[in-house]
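Q: Just to be clear, the model below is a prediction. Sequence and coordinates:
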Amino acid sequence: MVQANDPARRSLRVSCIQFEPEFGAVAANLARASDLVRAAAREGSRLVVLPELASTGYVFETPDEAAALAEPVPDGPTTRAWTALAAELGIHIVAGIAERAGDALYNSALITGPDGFVGTYRKAHLWHRENLFFRKGDLGFPVFATALGKIGIAICYDGWFPETFRQLALAGAEIVCIPTNWVPMPNQPAGEAAMANTLHRAAAHSNGIFIACADRVGVERGQPFEGQSLIIGPKGWTLAGPASREAPETVSAVIDLAEAGHKDLNEFNSVLGDRRTDLYA
């Protein structure tokens, strides 16, 4: 156990911002989200996570509509705005964005920090009608080495695949940021907690990593969203949240990234060390 006065402690405050983007209102969404990021930074947060497609909204109806709202990364105006804000506040920001790269569109997330743009992740597993507008991600599951620590990113439906988190954990990720737009699952009982909460708690536990999920709320073009943003520790226990299902809310937790280096469950068992790679096909 790392003691409070131990120099090995690597503590930071993380915030997940849950809000309701307005479809197509990029300038208004950036302004609203920027206010919320500033508020989190005033409270001491050094890593702030925003939802999937935070600047554009989610429910595209045509490929032309998606193309009109997509931007290049890192040279588009939205990425430049997040990069300027991160530099001004001295924090790291992870935010979902519709990315245009040549003639291809991707459901992406960017990470930017005090010293400028850090990198991009493109969603590997596309959900439902996303397949009509976006290409599947082609950048793998990168882990970004930052002044805070080693940060991975996944987006929404990526979290349904254990391989996502195992790849990131094996590559050294200490925290995985999840910009997301969770929706109700088939046959979901009324009032039941989001399936995603169970999946991400299990992933944090079985990989010994922190996971920070920033969902959106509201109903967009008839599609309801689940909210319930949360931050999970490397033993799978919830550190902050789940947030409301309906209301904008920021959930925050002070975490020690050094804890992600301790994969042991007891003196005999380690969630990564016990893997039987000799038996796995």
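A: Perfect, thanks for sending it. Residues are numbered from 1 along each chain as shown.
Q: Every contact and neighbour count from this point should use C-alpha atoms.
A: Noted.
Q: Please give me every residue in contact with Glu246.
A: Counting by CA atoms under 8 Å, 6 or more residues apart in numbering, Glu246 touches 217-218, 226-227.
Q: top of these by neighbour count?
A: Gly227 (29 neighbours; other CA atoms under 10 Å).
Q: CA atoms of the helix ranked longest in the chain as CSV?
A: Counting residues, the longest helix found in the chain (DSSP state H) is helix 26-42. This file holds the C-alpha atoms of helix 26-42, laid out as CSV (Å, rounded to 0.1, in the frame of the first residue of the first chain):
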residue,chain,number,x,y,z
VAL,A,26,-21.0,23.0,-32.5
ALA,A,27,-20.3,26.5,-31.3
ALA,A,28,-22.9,26.3,-28.5
ASN,A,29,-21.8,22.8,-27.5
LEU,A,30,-18.1,24.0,-27.3
ALA,A,31,-19.1,27.0,-25.2
ARG,A,32,-21.2,25.0,-22.8
ALA,A,33,-18.6,22.2,-22.4
SER,A,34,-15.8,24.7,-22.0
ASP,A,35,-17.7,26.3,-19.1
LEU,A,36,-18.0,22.9,-17.5
VAL,A,37,-14.3,22.1,-18.1
ARG,A,38,-13.3,25.4,-16.5
ALA,A,39,-15.5,24.6,-13.5
ALA,A,40,-13.8,21.2,-13.1
ALA,A,41,-10.4,22.8,-13.4
ARG,A,42,-11.2,25.4,-10.7
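Q: So what touches stretch 30-43?
A: 15, 17, 19, 48, 50, 55, 78, 85, 89, 91, 250.
Q: Please point out which parts of that stretch sit buried.
A: Neighbour counts over stretch 30-43 (16 or more other CA atoms under 10 Å) mark 30, 33-34, 36-38, 40-41 as buried.
Q: a markdown table please, covering the residues you listed and showing distance to Asn187 and pLDDT.
A: Formatted as a markdown table, those follow (distance: CA to CA, whole Å; pLDDT from 0 to 100):
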| residue | distance to Asn187 | pLDDT |
| --- | --- | --- |
| Leu30 | 35 | 98 |
| Ala33 | 33 | 98 |
| Ser34 | 36 | 98 |
| Leu36 | 34 | 98 |
| Val37 | 35 | 98 |
| Arg38 | 39 | 98 |
| Ala40 | 36 | 98 |
| Ala41 | 39 | 98 |
